[in-house]
Structures are given as C-alpha cells and as structure tokens.
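Novice: how does the following fold in three dimensions:
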Amino acid sequence: MVKKELVNDRGIMQLAETLLVSACETNRYRDQEIMQEVDGEKAHAKDVLSWTEKLGYPASTALKVAALFHDIDRVVNLGVGGGFKGDRTSQAYLDHKKAHAKRSVEYISQKLSENSLNKVLITRVSFLISHHDDTGEEVRRLNDPDLNILVAADSFSFFTTVAPKLYAAEGDERLRDKIRFMIEKMPAFAVKLLASQKLENPIFERLKNEVIEELKAA
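Specialist: Numbering: from 1, shown residues only. Next comes the predicted model:
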C-alpha cells in the first residue's frame, strides 16, 4: 500500500531528494572517475529541476523526479562517469546517449518501485528520462510538453553546471560538438530563449551563438 505522505507532490519530492542524496553519498568514493565529481552531478540534477520550474510550464511531479534522475547513470554505474571520449557527431555517440538514458531509467524505476510509488508515475518518469537525450527530430516527433521542458532545462543547465568542467577537460572543439548536440535537441521556443540570453562566460557565449547560427543555416 502506498504510504499516505507519498501520494502527493511534496511527499514524492522529499523521497526523490532523499534517494538522490543517498545515491551520491554511496558513490562518493568514485569522485575521481566522474568528470563532474559526485557533487557536480548532484548540482546539475538540482539545477535542471530548478529550470523545469522557470520555463513557464507547470512542472508535473513526474517531470520534477525525472529532472533529478535523468543523469543518475553517471553517479551509480562504474565506467561511465567520465563521459564519451569518441566523436560526438557519430552514431556511436547517439547510441551511447540512448544507453545512458536506459541505465538511468533502470536505476530510478527500481528505487521508486521499492518505495511503492504509483506505477503510472514510474512509467511516466521512465518515459521522460528514456527520451531526454534523443535527437531533436525524435523529440519533435514525440511532441510531449513535459519532455520538451526536460530537454530545455537540461540544455540550459548544461552551460552553467557542466560546460566549465567539460571545457577544462577537453577544450573548445569538443565543447562545440557537445553544445551542438544540446542545442539541436531543444524545442524551438527554448532555442529562441537561449539565443536571447547572454552567457557570462564569453567562450561559451561565442560557441552558443555560432552553433545556433549554424543550425539555422542547415
């Protein structure tokens, strides 16, 4: 039977945040393997959650849970915390992102099930995480409002919580390829909003604008 306090948004989100903290603390020994380190991954998760509530669309409980756990794979699974080292314009990279999303789903769906959460909610969270790293064409085809917000929130958060470490580790060209992937998958309204905002880091701002113009011309 579902616990009474877990049938509402507040109770579910309290559980989700507890599960996130537990996953991070359990895997803190893997800090050196994870490019963002555990605290960086946790900060990104919370920032994506924050963006889901800033983008002008009522954030459902499933969307908020998905925001916290969309990248949990990098925290809880050995060998993936350092990210993809190959060509980010390749099919191999797209396959890597699909596998990453699938592993994140497997982890959080099991944890939610263990805590007796509603199967409808678990299915919805799983759907959102499964598709958060789809290509732009795939995201547009699905045309799901929650997914559009999750993809946009993930991309906005990328520039402040992921890009600095990625740039330091891999440099301009590798960062450009990642920025292109993040922007290409965003819904049109989010690309327009991103274009209107000036990033604090001048390198990220330049690359962002160049990629947006390249995608417009494509």
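
Novice: which SS class is Leu199?
Specialist: Under DSSP: H, G, I helix; E, B strand; the rest coil, Leu199 falls in the coil class.

Novice: which strand or helix spans the closest residue to it other than its chain neighbours?
Specialist: In this structure, Leu199 finds its nearest non-sequential neighbour in Glu205, 4.1 Å apart by Cβ to Cβ, 6 or more residues apart in numbering. Glycine gets a C-beta too; all of them are placed from N, C-alpha and C. Using DSSP states H and E, Glu205 sits in helix 202-217.

Novice: list the helices and strands that helix packs on?
Specialist: Judged by 3 or more Cβ pairs under 8 Å, 6 or more residues apart in numbering; DSSP states H and E, helix 202-217 is in contact with helix 163-184, helix 188-196.

Novice: which residues touch Ile149?
Specialist: By Cβ atoms under 8 Å, 6 or more residues apart in numbering, the contact set of Ile149 is Thr52, Leu55, Tyr57, Ala59, Leu63.

Novice: run a quick neighbour tally on the second one.
Specialist: Other residues near Leu55 come to 16 when the count uses other Cβ atoms under 10 Å.

Novice: what kind of secondary structure is it in?
Specialist: Classified using three-state DSSP, Leu55 is coil.

Novice: hmm, Ala66 and Ala128 touching each other?
Specialist: No, residue 128 isn't Ala; it's Leu. Yes: between Leu128 and Ala66 there is a contact under Cβ atoms under 8 Å: 3.8 Å.

Novice: between the two, who's got more neighbours?
Specialist: Using other Cβ under 10 Å as the criterion, Leu128 and Ala66 rank with Ala66 on top: 33 against 25.

Novice: which residues in the chain form strands?
Specialist: In order along the chain, the chain carries no strands (DSSP state E).

Novice: where does it have low pLDDT?
Specialist: 1-7 (pLDDT under 70).

Novice: same thing but at 90, please
Specialist: Within the chain, the ranges that satisfy pLDDT under 90 run 1-9, 56-58, 83, 218.

Novice: tell me the buried residues in the longest helix anywhere in it?
Specialist: Counting by DSSP state H, the longest helix found in the chain is helix 91-114. For helix 91-114, a neighbour-count test (16 or more other Cβ atoms under 10 Å) marks 93-94, 96-97, 100-101, 103-109, 111-112 as buried.

Novice: repeat that for stretch 68-80.
Specialist: For stretch 68-80, by 16+ other Cβ under 10 Å, it's Leu68, Phe69, His70, Asp71, Ile72, Asp73, Arg74, Val75, Val76, Asn77, Val80.
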